[in-house]
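[1] Got a sequence here, can you build the structure:
(2 chains)
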Amino acid sequence: MSDLKRRLTGVVSAAFATCGLPPELGRVTVSDRPDLADFQCNGALAAAKAARANPRALAEQVVAQLVDDPHFSRVEIAGPGFINLTLNLDVLTERARQLAQDERCGAEVLAQPRRVVVDYGGPNVAKPMHVGHLRASIIGESIKRLFRFRGDQVWGDAHFGDWGFQMGLLILAVGDEQPQSPFMQDTDGPFPDESPVSLADLERLYPMAASRAKTDPDYRDRARRATAELQNGRKGYRALWKHFVDVSRMALEREFNALDIRFDLWNGESDADPLIPEMVSELDARGLLVADQGARIIRVARDGDKRELPPLLVVSSEGSAMYGTTDLATILDRRRKIDPDLVLYVVDQRQADHFEQVFRAAVMAEYAPQGSLEHIGFGTMNGADGKPFKTREGGVLKLHDLIEMARDKARARLHEAGLGAELSPAEFEETAHRVAVAALKFADLGNFRGTSYVFDLDRFMSFEGKTGPYLLYQSVRIKSLLRKGAEQGVTAAEITVAEPAERELALALDAFETALAEAYAKRAPNIIAEHAYRLAQTFSKFYAACPILVAEPVSLRPSRLAFATATLAQMETTLRLLGIETPDRM
RNA sequence: GCGUCCGUAGCUCAACCGGAUAGAGCACUCGCCUUCUAAGCGAGCGGUUGCAGGUUCGAGUCCUGCCGGACGCGCCA
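    Modelled structure (predicted):
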């Protein structure tokens, strides 16, 4: 089943071809002037430019091919050569009926699915997630869902920060507090199954150790040795490290669950570590590694670069692996285990240069084909001052606290509005939670990912305007309507498009596939968010203009109800692609 | 210094391969609840798209320069 835009593009392209014009110019888009037409084609202008001809004359030729086409009730030329297309009502009605029947709400399935890894979230052992993780998680989750929904086989990987110097710091800190701990004994074990540290311990010890390492060179050296011993396989350290990972991961998963973010893989930096020695020798054998200032690097600069890109540091002067090393090894690891066609790195825009270095090195090493690695960068979440978001005290706000703030606000707003009074306490909490998550996610995904945005909880949490709560409200209103319809025994039947508001709603429903295709191509969830809002607003207009359960004559009711059912289904599908779940009541 | 991104309504943001009258939301003004959730709907107000050139029939979009801002630039990730 194809959406109208694609179908009409086929029709108009054929007309272009008949006129001896390039068929690809027959591309049809939704009209910029809904007052004039439903769809338009600007191809005559482009054709005229290429052929140095009169655009209106070309448009007239094309239109002559289209005027009798049953898809259209009107085909007109406007301005310098725009072709305006107004749909035949029967065509729109037929499409609306298809949409209402379709399990996928009008979304198509990719003809050629790919294997895709989405690397996002980036949580770290022992470090609580903060607002910086929010965007990576929200955007990555949405992109993962979008790719999967379109038909790709997708792995969402948390890319857990579980290796390196930070682990040495933690081991050292635990050892200083618990010198008698069996984990500190350099033996073959066995070691306790019980973790010697709680999450609270980790959150206390890590910042302490990290700051001490900055000022105390001896401490830093001991931590480095501990890191090296861990990586060399000291049994007690390994066992202790496993506890760090497990304790952290459990806490992080709780956090992610609260945001409806689910990973398929929790591969960490440690998983790539075993590959590093062979990778280094292989890179060396290929002649890619160069000794420089005591380190071993890969030069990735190219002629024609506007400026010299620094080399990728593979082995530091101290002989250790750097984060670029781990990233490169991870590419190799994924190729062996998954063999993806595409890997998307949903990471802060500020790391663009780093990924450019790694990707170039990976292509040079033939670990990944050109173009199969993409950095999906995003801007920062800023405070009211336009600078990256900080708490009032100037510290970093923990994600957990942020969510709690949002939930508090949601509860307050619900109470203010006198909503949810009839809900049980548990249902009320669930609703408040969903409102909070919807507000945070929609505020984030409503903007193009590349731009930074200003965090303003009051604005996000408003139930009016372009917000998550507004979208939930519209969905809930439809659910309420459908419940009432069921009680009254009204059943949905075939849609008939008649009223202007119905026509507009049918067109809005049809636009779903176009929005998904564009969001997919640009890796831009804001396009899905935009569609959700447009759909909600168009439905609301329909709701105001067209009575449903009380429509007269009663024969209108089944069609109107079918519109409502189809809208709800598509709305929930759309919101789910943004990672937003709707409550049943509010 | 070099590089990347950005500058659109009072505020927060959109704008499909260069196309018509640059769109939304908030705020502000007016209208609409004895019909399905008014957390809604309708109407209005609001713009020299940072500045100056250039390419084009046509530029927020492409090119050049300038002004202003954010970020990045080898052993942290």
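[2] residue boundaries of the helices in the stretch 251-400 of chain A?
    Taking DSSP state H, counting those that start in this stretch, the helices of the stretch 251-400 of chain A run over residues A:269-272, A:276-285, A:323-337, A:352-364, A:399-416.
[3] Reformat those as TSV; add distance to RNA strand B.
    Where you see a C-beta, it was placed from the backbone N, CA and C, and this is true even at glycine. Shown next, in TSV, are the helices of the stretch 251-400 of chain A (distance: least, CB to the nearest atom of the strand, whole Å):
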stretch	distance to RNA strand B
helix A:269-272	6
helix A:276-285	12
helix A:323-337	4
helix A:352-364	4
helix A:399-416	5
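[4] Let's have the ones you listed in CSV, adding mean neighbour count and mean pLDDT.
    Shown next, in CSV, are the helices of the stretch 251-400 of chain A (neighbours: other CB atoms under 10 Å; pLDDT from 0 to 100):
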stretch, mean neighbour count, mean pLDDT
helix A:269-272, 22, 91
helix A:276-285, 15, 96
helix A:323-337, 21, 95
helix A:352-364, 20, 95
helix A:399-416, 17, 90
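[5] Those: which one's closest to A:Asp186?
    Comparing those against A:Asp186 with CB to CB, the closest turns out to be helix A:269-272 (20.5 Å).
[6] list the helices and strands that closest one packs on?
    Applying 3 or more CB pairs under 8 Å, 6 or more residues apart in numbering; DSSP states H and E, one finds that helix A:269-272 contacts helix A:323-337.
[7] now the helix it packs on against helix A:352-364, angle please.
    Between helix A:323-337 and helix A:352-364, the angle comes out at 50 degrees (axes from the mean of the first three to the mean of the last three CA atoms, to 10 degrees).
[8] The closest residue to A:Ile478 other than its chain neighbours: what's it in contact with?
    In space, and not counting its chain neighbours, A:Ile478 is closest to A:Leu568: 4.3 Å by CB to CB, 6 or more residues apart in numbering. If a contact means CB atoms under 8 Å, 6 or more residues apart in numbering, then A:Leu568 has A:475, A:478-479, A:482 as its contacts.
[9] Quick check: A:Leu568 vs A:Thr582, distance?
    A:Leu568 is 9 Å from A:Thr582, where distance means CB to CB, to the nearest Å.
[10] Between the two, which contacts overlap?
    Joint contacts of A:Leu568 and A:Thr582 (CB under 8 Å, 6+ apart) are A:475, A:479.
[11] before we move on, back to that, do you know how far the residue nearest to A:Ile478 is from A:Val247?
    Distance from A:Leu568 to A:Val247, counting by CB to CB: 42 Å.
[12] How about A:Leu85?
    Using CB to CB, we find A:Leu85 at a distance of 61 Å from A:Val247.
[13] Of the two, give the one with the bigger neighbour count.
    Legend: neighbour count by other CB atoms under 10 Å for A:Leu85 and A:Val247, higher for A:Leu85 (26 against 20).
[14] Is the more buried one within a helix or a strand, and which one?
    For A:Leu85, the host element (DSSP states H and E) is strand A:82-87.
[15] hmm, that strand touching RNA strand B?
    Yes - judged by CB under 7 Å from any atom of the strand, strand A:82-87 and RNA strand B are in contact via A:82, A:84.
[16] need the contact list for the residue in the stretch 451-586 of chain A that RNA strand B sits nearest to.
    Proximity to RNA strand B, evaluated over the stretch 451-586 of chain A using CB to the nearest atom of the strand, is greatest for A:Gly465 at 2.5 Å. If you count contacts by CB under 8 Å, 6+ apart, A:Gly465 has none.
[17] Name the SS class of it, please.
    Following DSSP: H, G, I helix; E, B strand; the rest coil, we place A:Gly465 in the coil state.
[18] How about the residues of the stretch 101-250 of chain A by RNA strand B?
    Counting by CB under 7 Å from any atom of the strand, the stretch 101-250 of chain A sits next to RNA strand B at A:161, A:164-165.
[19] The strand holding A:Leu85 pairs with which strands?
    Using DSSP bridges, strand A:82-87 pairs in its sheet with strand A:39-41 (antiparallel), strand A:72-78 (antiparallel).
[20] Can you mark which positions in the last one are buried?
    Of the residues in strand A:72-78, those with enough neighbours to count as buried (16 or more other CB atoms under 10 Å) are A:72, A:75-77.
[21] Switch those over to JSON lines; also include distance to A:Pro311 and pLDDT.
    Below are the buried residues of strand A:72-78 laid out as JSON lines (distance: CB to CB, whole Å; pLDDT from 0 to 100):
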{"residue": "A:Phe72", "distance to A:Pro311": "59", "pLDDT": "96"}
{"residue": "A:Val75", "distance to A:Pro311": "59", "pLDDT": "96"}
{"residue": "A:Glu76", "distance to A:Pro311": "60", "pLDDT": "94"}
{"residue": "A:Ile77", "distance to A:Pro311": "58", "pLDDT": "94"}
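[22] Report the inter-axis angle for whichever helix or strand comes after the strand holding A:Leu85 versus strand A:82-87.
    Note on strand A:82-87: by DSSP H and E, the next helix or strand toward the C-terminus is helix A:89-101. Going by the same axes, to 10 degrees, helix A:89-101 is angled at 70 degrees with respect to strand A:82-87.
[23] which non-adjacent residue is nearest A:Val174?
    Spatial nearest neighbour of A:Val174, chain neighbours left out: A:Val197 (6.0 Å); criterion: CB to CB, 6+ apart.
[24] just for chain A, where's the confidence low?
    In the predicted model, chain A carries pLDDT under 70 at residues A:1, A:392.
[25] Tell me which residues touch the closest residue to A:Gly379 other than its chain neighbours, please.
    What sits nearest to A:Gly379 in space, not counting adjacent residues and going by CB to CB, 6+ apart, is A:Ser452, at 3.4 Å. Each residue near A:Ser452 by CB under 8 Å, 6+ apart is listed here: A:379-382.
[26] Just the ones of these in strands?
    Mapping the contacts of A:Ser452 onto strands (DSSP state E) picks out A:381-382.
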